[in-house]
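J.: coords please:
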Amino acid sequence: MERCPLCRADNRDTLHASSPSGGGYLHCNTCDLIYVTFDGILSPAEEQSRYLTHDNTHENAGYVDMLTRFIERTVTPHISTGKALEFGCGPGPVLADLLEARGFSVSLYDPYFAPDPGPLDCTYDIVTSTEVLEHVTDARSLWDRLRQLVKPGGYLAITTRFHPGPDAFAEWWYRRDPTHIRFYSRNTIRWAAAEYDWDLLLLDDRDTATLRRPR
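T.: Numbering: from 1, shown residues only. From the prediction side, this is the model:
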């Protein structure tokens with residue numbers, strides 16, 4: 001059986017559900033992450049093909065409105081300008097455009113759509129990562145990387161739909177996307193904030209958090 005990809009604990013339960021791609025689900029009793037077993041993870045080519053079906057463009061008014069609300073809740077209450085990174089920008093970096101229109105200098109990184117590793121060698125006043133955490137296999141390495149990217153005193157703003165708990169998980173619609181393989185809860189975010197020494201500024205009931213790296 002697999003250790004938790006976030007906290008590396010070996011304290012987990014098997015959930016009675018199968019992932020869309022045929023794997024199983026495990027629930028970590030230490031950090032509350034729910035994760036797909038390795039046999040249920042898509043190949044990189046399959047994953048990229050799935051992302052290309054998403055309508056995450058400026059022409060999608062609902063998507064633009066969602067990102068605008070995200071900025072107004074997680075970014076501008078804390079920082080009005082500076083150097084930003086959109087981590088996991090996807091094929092259409094709408095969020096970067098919205099941030100640049102507000103005066104931020106924005107860099108992009110995405111393993112499929114903006115794979116130049118140069119931006120990962122810099123640090124930023126704010127890093128945004130919207131609907132990314134649920135896709136990343138090695139959750140521990142992801143949080144290590146995010147910590148390195150944010151300057152002391154800087155911010156991390158994220159969205160990922162919080163799971164409803166192991167008892168309700170089998171019927172939860174969000175798990176049915178085969179690229180969704182790591183499921184966080186509010187408790188998981190609290191665990192990550194404590195583990196990586198982040199100040200947790202915002203944690204809503206649905207999907208959003210803002211964290212600050214102490215100076």
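J.: how deep is residue 125 tucked in, by neighbour count?
T.: Neighbourhood size, residue 125 [other Cβ atoms under 10 Å]: 18. Just so you know, the C-beta spots here come from the backbone N, C-alpha and C atoms, and that holds for glycine as well.
J.: what do you get for residue 33?
T.: Residue 33 has 26 nearby residues by other Cβ under 10 Å.
J.: OK, contacts around it?
T.: 4-7, 27, 139, 182-185, 188 (Cβ atoms under 8 Å, 6 or more residues apart in numbering).
J.: mind putting the residues you listed into TSV with pLDDT, neighbour count and distance to residue 132?
T.: Shown next, in TSV, are the contacts of residue 33 (pLDDT from 0 to 100; neighbours: other Cβ atoms under 10 Å; distance: Cβ to Cβ, whole Å):
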residue	pLDDT	neighbour count	distance to residue 132
4	98	23	19
5	97	22	15
6	98	26	14
7	98	20	19
27	98	21	21
139	98	23	11
182	98	23	10
183	98	24	13
184	98	25	11
185	98	20	17
188	98	24	15
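J.: thought residue 203 was touching residue 188?
T.: No: assessed by Cβ atoms under 8 Å, residue 203 is found out of contact with residue 188, at 10.5 Å.
J.: now the host helix or strand of residue 147 - C-alpha only, PDB.
T.: If you go by DSSP states H and E, residue 147 is part of helix 139-149. In PDB, the C-alpha atoms belonging to helix 139-149 read as follows (Å, rounded to 0.1, in the frame of the first residue of the first chain):
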ATOM      1  CA  ALA A 139       2.000  16.600  -3.300                       C
ATOM      2  CA  ARG A 140       4.900  16.900  -0.900                       C
ATOM      3  CA  SER A 141       7.300  18.100  -3.700                       C
ATOM      4  CA  LEU A 142       4.700  20.500  -4.800                       C
ATOM      5  CA  TRP A 143       4.400  22.200  -1.400                       C
ATOM      6  CA  ASP A 144       8.200  22.200  -1.100                       C
ATOM      7  CA  ARG A 145       8.400  24.000  -4.400                       C
ATOM      8  CA  LEU A 146       5.700  26.500  -3.500                       C
ATOM      9  CA  ARG A 147       7.500  27.400  -0.300                       C
ATOM     10  CA  GLN A 148      10.700  28.100  -2.300                       C
ATOM     11  CA  LEU A 149       9.000  30.300  -4.800                       C
END
